[in-house]
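Student: sequence-free structure coming up:
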Ligand SMILES: Cc1cc2nc3c(=O)[nH]c(=O)nc-3n(C[C@H](O)[C@H](O)[C@H](O)COP(=O)(O)OP(=O)(O)OC[C@H]3O[C@@H](n4cnc5c(N)ncnc54)[C@H](O)[C@@H]3O)c2cc1C
């Protein structure tokens, strides 16, 4: 069997992209003339997080034999350390609560938050298949909490929260994958390249490598890239996401941008590489990440002077940017705000303060300004929702800050890169302008975030994106597989 990598599609892609074409350099090596295939797979899925597991399961469900390769020694990825909030509509969970919602309303909401940057066809698929994803999770034993918290993302209750967070969700998904006979899992194995036919029109194979081993040439006509983000690749971060180059990271150890490199070297478009999902709530002393839920439900952030300085509600961008300008930041919350506070107390990370003066002593500041800020915050919380507005532009409030207060020394932390290569509504990898790169090349999850997020990311959107683009990629890959 012989074939050659064609660079035609890469060159075409680069031509279309003009100055925004990105090369990560891996394609500089000369294309070998012939391959000796070491093995074959009907569908090859790379990456064993939520997106990759869903892709593998859906391809298997469609009757295909799947090889799933995972860089680390186990399935999970960032999906397993995630909070497991999933934005969705019309799931069994929603129906059981009598929540009336429509796919179209969710689609419109996705588009509205994208500020005109998101693909309407893809947004519709995410909205429509969100229930397929969440109901499937429920069917394999994933449980969701009864937490009906509407603070994050408007008046319609769309976010379902996984009991036991991403760890529990991925345990169930990994179990399902391992029970599925037609999926073969190879851990400690990375995808390093995708091979196209000489015309550059279709996938004919891929290269995988077990840690420290020789390259293995896999004959296949369908590849799903689901290798996660690029937050662990300092060189790419410094080049494209430079603003956050010194920010701490919590994500899968192998989020090195492998899928991004492979796809862009074949001519894929990229978008939003400069943007990252940075959360304000890493407990500094213990390096523990806590959900921002207590802040969304009424908590505040103050600086070393004990003063508020930002709208805490814009948690993924502006809040963090402003935090980087302060010498030190503190989260102040009360226990009734959210179960997360109880967890912080249990872990011994949140300090109890019975008075504002105690809070000021912990911070090392004067109490007067802090007292004024807490009083103002509580006064606005008590006013009618439509009149709530403070000098930093915060309009969403939850519960009042009441004693005993709890205080936590925090820093921003990057939990995800928001950019990636572009895919269409069928999860096919495309050029920046939407032309599929090659038959049989799919992308799903964080490596394929593409145009979808930008600055409009909200909690629960990344997980549903991973699940839905995964299942769509698996289904489509099964169709073209030979
Ligand atoms: C702390 C934290 C909290 C979060 N909370 C939420 C939340 O509540 N709601 C939400 O919507 N989103 C949340 N997110 C984001 C969300 O979890 C991710 O966007 C999503 O899980 C990404 O899934 P994925 O399958 O694309 O990537 P991953 O789960 O990272 O999986 C990718 C896998 O690919 C593997 N890999 C890498 N390179 C290769 C290679 N070359 N070959 C083979 N395998 C490879 C990696 O080891 C990894 O296992 C959170 C993220 C973090 C870190």
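Tutor: Here it is on my side, so go on. Small disclaimer: the values here were computed from a predicted structure and weren't measured.
Student: check what pLDDT residue 53 gets.
Tutor: Here the pLDDT value assigned to residue 53 is 98.
Student: any idea what sits nearest it, other than its immediate chain neighbours?
Tutor: Nearest non-adjacent residue to residue 53, counting by CB to CB, 6 or more residues apart in numbering: residue 173, 4.5 Å away. Glycine gets a C-beta too; all of them are placed from N, C-alpha and C.
Student: isn't the one you found right up against residue 55?
Tutor: No. Checked against CB atoms under 8 Å, the pair residue 173 and residue 55 is beyond contact range at 11.2 Å.
Student: quick one: contacts for the residue of the chain most remote from its centre?
Tutor: Within the chain, residue 368 marks the point farthest from the mean C-alpha position, 40.4 Å out by CA atoms, centre = their mean. Counting by CB atoms under 8 Å, 6 or more residues apart in numbering, residue 368 touches no other residue.
Student: state the distance from it to residue 356.
Tutor: Distance of residue 368 to residue 356, given as CB to CB, to the nearest Å: 9 Å.
Student: excluding residues flanking it in the chain, which one is nearest residue 359?
Tutor: Closest to residue 359 by CB to CB, 6+ apart is residue 353, at 4.5 Å.
Student: how near is that neighbour to residue 380?
Tutor: From residue 353 to residue 380 the distance is 22 Å (CB to CB).
Student: kindly report the same for residue 105.
Tutor: For residue 105, the distance to residue 380 equals 29 Å [CB to CB].
Student: now residue 167
Tutor: Remark: distance between residue 167 and residue 380 (CB to CB) = 37 Å.
Student: that older thread, who's more crowded, residue 353 and residue 380?
Tutor: A direct count of neighbours by other CB atoms under 10 Å for residue 353 and residue 380 places residue 353 higher, at 19 against 16.
Student: specify the beta-bridge partners of that one.
Tutor: Beta-bridge partners of residue 353, counted by DSSP bridges, are residue 405.
Student: is residue 285 in contact with residue 349, as I believe?
Tutor: Yes. Look at residue 285 against residue 349 with CB under 8 Å: they come within range, at 7.4 Å.
Student: would you mind checking which helix or strand in the chain has the lowest mean pLDDT?
Tutor: Scoring the helices and strands of the chain by mean pLDDT, DSSP states H and E places helix 8-17 at the bottom, with a mean of 29.
Student: list the contacts of the helix or strand immediately after it in the chain.
Tutor: Note on helix 8-17: by DSSP states H and E, the next helix or strand toward the C-terminus is strand 39-40. Here strand 39-40 makes contact (CB under 8 Å, 6+ apart) with 216, 217, 218, 219, 220.
Student: walk me through the domains of this protein.
Tutor: 8-275+418-480, 278-412 (automatic domain parsing).
Student: list phi and psi for the residue farthest from the centre of the chain.
Tutor: Main-chain torsions, residue 368, degrees, to the nearest 10: phi -60, psi -50.
Student: just name the most buried of the domains of the chain.
Tutor: Greatest average neighbour count among these goes to domain 8-275+418-480 (a mean of 21), per mean count of other CB atoms under 10 Å.
Student: residue 161: which element?
Tutor: Element membership for residue 161, per DSSP H and E: strand 159-161.
Student: touching that strand from outside, list them.
Tutor: Strand 159-161 has contacts (CB under 8 Å, 6+ apart) with 83-88, 91, 93-94, 134, 144-145, 147, 149, 152-153, 459-460.
Student: contacting residues around the spatially closest residue to residue 62 that is not a sequence neighbour?
Tutor: Here the nearest residue to residue 62 in space, its sequence neighbours aside, is residue 478; by CB to CB, 6+ apart that works out to 3.4 Å. When contacts are counted by CB under 8 Å, 6+ apart, residue 478 touches 42, 43, 58, 59, 61, 62, 63, 64, 222.
Student: repeat for residue 76
Tutor: Contacts here follow CB under 8 Å, 6+ apart; on that basis residue 76 touches 48, 49, 167, 170, 174, 252.
Student: where's the fifth one relative to the ligand, distance?
Tutor: If you measure residue 174 against the ligand using CB to the nearest ligand atom, to the nearest Å, the figure is 11 Å.
Student: so how far is stretch 412-424 off the chain centroid?
Tutor: Chain-centre distance of stretch 412-424: 6 Å, with CA atoms, centre = their mean, to the nearest Å.
Student: that stretch and the ligand in contact?
Tutor: Yes. Stretch 412-424 is in contact with the ligand by CB under 6 Å from any ligand atom, via 415, 416.
Student: what's the span of that stretch, first residue to last?
Tutor: 32 Å (CA to CA, to the nearest Å).
Student: averaged pLDDT, that stretch. What do you get?
Tutor: 95.
Student: what bits of the stretch 301-450 of the chain have low per-residue confidence?
Tutor: 315 (pLDDT under 70).
Student: picking up where we left off before, which one of the contacts of residue 478 is nearest residue 78?
Tutor: Using CB to CB, residue 58 is the member of the contacts of residue 478 that sits closest to residue 78, with 20.3 Å.
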